[in-house]
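with the input below, show me the fold.
(one chain, ligands or ions: 2)
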Amino acid sequence: MSASLIESESRKLLQRLRETLAAAGGGQDRLDSITHHINDSIKTDVCSIYLFRDANTLELCATEGLRPESVHQTRLRLGEGLVGRVAVTGQPINTANAPAEPGFRFMPETGEEVFPSFLGVPIRRVGEKLGVLVVQSRDPRLFSDDEIYGLEVVAMVLAEMAELGAFLGGGSDSLPSRHRFPVMFRGIGAQDGTAEGQVWLHEPRVVVTNPVGDDPDRERARLHEAMAMLRATLDELLTDELLVGGEPADVMKTYRMFANSRSWLKRMEEDIDLGLSAEAAVEKEQSHARARLERAADPYLRDRLHDLDDLSNRLLRILTGQGRDTGAEMPANPILVARTIGPAELLEYGRKLRGVVLEEGSVGSHAAIVARSLAIPLVVHAGRITTEALNGDPILVDGEDGIVHLRPEESVAAAVRDKVAMHAEAQKQYDGLQSLPAAATCGTRIELHMNAGLMADLPSLNGSGAEGVGLFRTELQFLTRTRVPRRGDLALLYRRVLDNAQGKPVVFRTLDIGSDKVLPYMKAQDEPNPAMGWRAIRVGLDKRGVLRMQLQALLRATAGRPLHVMFPFIADPGEFALARQVLSDQVERERQFGHALPSEIRVGAMLETPSLAFAPPAFFRNCDFVSIGGNDLKQFFFAADRENEMVRRRYDTLSVSFLLLLRQIVERCRDAGVPVSFCGEDAGRPVEAVTLAALGLRRLSMRPASIGPVKHLIRRIDLSALTQVVHAGLDDGVDSLRPVVTDWLARNG
Ligand code: PEP
Ligand code: MG
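Ligands and ions are numbered 1, 2, ... in the order given. The predicted structure is shown next:
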């Protein structure tokens, strides 16, 4: 068949499919008439539609040419037979000799005859596998590229029809119904807590109601118009938002490159010529890109395909007027479901959310930092949840175990509710401790402070019973903007933090960027090992303007009040001395300008690299305080990346080697007369916390939600007795103190 004949045949066929969609009747009738129209149009002997019954099973749902009795009886596992292979690989199979193909399976229940020529194409919609469309014929021949392309276009229309629910109901109850069954996702818990609510999609699915276009010229014009709008919005973004220092962000440049890509546009125009509407053409190419994305191993290529995916979504929103800001009302207990989300967007939702579930993201990502600050349960790497979930679906999130139940069965929901109730009960107990000191039965007092990073954290200062803020991470204000914040804005924010703290001490940590925390407006460094690269104080000392500006903001905010400031990631005494000098210079500058100064300035170093534990004694004497950043210290001590799931939990904080390092730090600080605290995540784990206290740490800083459980345990133990047990254990030759401490707690705690 010539290309133009195929075009007009294809358009005719698609029109018939559209009439089928519009006609009254049940899903089965529609499927039956579709197989008939396809056979008739392509002149094949068999046309069959297989749809997914569940994630692993394909079911023959309609056929013309095979035995009618086999409909809804013939089932294939994913990967089984040629049909199963098309479903797994997402690639068409075209053969003139089907029985000779690897994996061929003859299914006698479908008929006596073996049809040698076989063409199967996937039915899929934006990354979601829905089934397989197959044509077969007696005449052993290979289908042409144009015919394959044409069948893919038909499959796209079938996918849109399935999405619209066209194959449900009307006596076809045995058909698989999507988006109805419970699904469980096993992801990674990135913030503890359990939540029950309804799905709120960050990017709601766009529903294409008109997969078939009447008039290709009109559809082309619509596509061109939408492309022009897309380009205009990208240009606007480039000039307005991301133009920092005259340098457009690379990512936007790639976006624009795609938006101007001739080949992308050409493929969509070809789809339109075969009878698709503009939006169905965009989706068809997006599905292709997604399928390639899943197979791409090269991270650069994956990123580029992601960009194309994002652009396709923008284009679909323009064409359909759907998507974000559709006016849909957020449910009462929204649980945000997204492929990925930036910290700024997550902050915008703020405390309205009950939980967050991401398909991608990592435990150490910015979104995770924000979710932690907002204290909302977060699960990352939750399979393909954005294709399964619909707005308003009931959902349960267990941030502790990293499990998400979508449309859960009542029994599952009841079990999770029990867990929530147990937590609430424990929380009530902790609330009663709020105004009591964290004093052990022997009388030793431990100061419990909280970690914070947002204004929104400050209300927890009173609610949690924290004695102050032991670590205020200042990077979020930098991460969530499109340019370096101004000194005045920062000073205002820091002042509000102090006002809210009502006299309780707040330790501000200067900007800790680099590693995974990349500022959108800073030129990204292509570092082989960013956690050990140009980060934290290293950036501060090399880009002194930003450090000076931040210190000036802190000085202005604290005028007349005490200022506690610490520098992150100090690896040698020289860095601390330099940073301290920068601060002294700013104090002098403020004095010269006649600005009021803080009533007292205390300057600390964060001990996050093993090297600093071995610094000369003078270093410790020169610090006003030391704060152990256990998260980083541990990753460098064990050489185990804190964000790498394969090694993150491999080494234990209570291993004797790590505790010996901590004991040495505590002793060196004591000898130098300098106060030392611990502000890594481990401070918030009760067993770890009491062990740290037994090592001599008297100030721990943790997430606000951990203060209750830690205080509860401290108040029940004799710390002097545990101290003896811990020191004896450290000198005893065992590998780990975990069994020693937990046994002792079981007997005495
Ligand atoms: C740490 O490393 O322990 C720490 C508190 O800093 P951050 O987690 O912000 O790196
Ligand atoms: Mg750190």
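
got the contact list for the closest residue to Thr558 other than its chain neighbours?
Of all residues not flanking Thr558 in the chain, Pro598 sits nearest, at 4.3 Å (CB to CB, 6 or more residues apart in numbering). Using the backbone N, CA and C atoms, a C-beta is placed for each residue, glycine as well. By CB atoms under 8 Å, 6 or more residues apart in numbering, Pro598 lies in contact with Leu555, Thr558, Ala559, Gly560, Arg561, Pro562, Leu563.

quick one: buried ones out of those residues?
By neighbour count, with 16 or more other CB atoms under 10 Å, the contacts of Pro598 hold Leu555, Thr558, Arg561, Leu563 as buried.

turn those into TSV, including pLDDT, secondary structure and distance to ligand 2.
TSV is the format used below for these (pLDDT from 0 to 100; DSSP: H, G, I helix; E, B strand; the rest coil; distance: CB to the ion, whole Å):
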residue	pLDDT	secondary structure	distance to ligand 2
Leu555	98	helix	24
Thr558	96	helix	23
Arg561	97	coil	26
Leu563	98	strand	21
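
if we can go back for a sec, I'd like the distance between the residue nearest to Thr558 and Gly120.
With the distance defined as CB to CB, to the nearest Å, Pro598 ends up 73 Å from Gly120.

also Val656?
As judged by CB to CB, Val656 and Gly120 stand 60 Å apart.

the two - which one has more neighbours?
Set Val656 next to Gly120 and count neighbours by other CB atoms under 10 Å: Gly120 wins out with 26 against 20.

does the more buried one have beta-bridge partners, and which?
Ile93, Val134 (DSSP bridges).

my guess is it contacts Val86, does it?
Yes. Between Gly120 and Val86 there is a contact at 4.1 Å, judged by CB atoms under 8 Å.

mutual contacts of these two, please.
Going by CB under 8 Å, 6+ apart, residues that sit against Gly120 and also against Val86 are Pro92, Ile93, Val132, Val134.

ok, now which ones touch the third one?
I take that to be Val132. Contacts of Val132 by CB under 8 Å, 6+ apart are Ile49, Tyr50, Leu58, Val83, Val86, Ala87, Gly120, Val121, Pro122, Ile123.

how does it look with 7 Å?
Tyr50, Leu58, Val83, Val86, Ala87, Gly120, Pro122, Ile123 (CB atoms under 7 Å, 6 or more residues apart in numbering).

got it, and the last one?
Residues counted as contacts of Val134 (CB under 7 Å, 6+ apart) are Ser48, Tyr50, Val83, Phe118, Gly120.

among those residues, name the ones in strands.
Ser48, Tyr50, Phe118, Gly120 (DSSP state E).

would you turn those residues into a markdown table with distance to Leu308 and pLDDT?
Below are the ones in strands among the contacts of Val134 laid out as a markdown table (distance: CB to CB, whole Å; pLDDT from 0 to 100):
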| residue | distance to Leu308 | pLDDT |
| --- | --- | --- |
| Ser48 | 32 | 95 |
| Tyr50 | 29 | 94 |
| Phe118 | 31 | 95 |
| Gly120 | 26 | 96 |
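
what's around Ala22, how many residues?
Neighbours around Ala22, by other CB under 10 Å: 8.

actually, Arg295.
Here the number of neighbours of Arg295 (other CB under 10 Å) works out to 12.

for ligand 2, see how far away it is.
With distances taken as CB to the ion, to the nearest Å, Arg295 is found 36 Å from ligand 2.

next one, pLDDT for that residue please.
We have a pLDDT of 73 for Arg295.

got it, and Ser515?
pLDDT, read off for Ser515, is 67.

go on, the one 4 residues further on?
For Leu519, the pLDDT comes out at 72.

was I right about it contacting Phe478?
Yes. Applying CB atoms under 7 Å, one finds Leu519 in contact with Phe478, separated by 5.8 Å.

so what sits against both of these two?
Common neighbours of Leu519 and Phe478, counting by CB under 7 Å, 6+ apart, are Ile513.

just the element for the residue of the stretch 151-300 of the chain found nearest ligand 2, please.
The stretch 151-300 of the chain approaches ligand 2 most closely through Ala190 (16.9 Å), counting by CB to the ion. If you go by DSSP states H and E, Ala190 is part of strand 188-191.

and the following helix or strand past that strand, what does it pack onto?
Once the chain leaves strand 188-191, the next helix or strand it forms, by DSSP H and E, is strand 194-201. In terms of contacts (3 or more CB pairs under 7 Å, 6 or more residues apart in numbering; DSSP states H and E), strand 194-201 is packed against strand 334-338, strand 394-398, helix 410-431.

hmm, 10 Å instead?
Judged by 3 or more CB pairs under 10 Å, 6 or more residues apart in numbering; DSSP states H and E, strand 194-201 is in contact with strand 334-338, strand 355-358, helix 385-388, strand 394-398, strand 403-406, helix 410-431.

tell me the helix or strand right after the strand or helix carrying Ile148.
For Ile148, the host element (DSSP H and E) is helix 145-163. Where DSSP H and E defines the elements, the next helix or strand beyond helix 145-163 is strand 183-186.

now that next one - C-alpha only, CSV.
C-alpha atoms of strand 183-186 as CSV (Å, rounded to 0.1, in the frame of the first residue of the first chain):
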residue,chain,number,x,y,z
VAL,A,183,-2.2,-1.7,45.0
MET,A,184,0.7,-1.8,47.4
PHE,A,185,4.0,0.0,46.7
ARG,A,186,7.2,-0.8,48.5
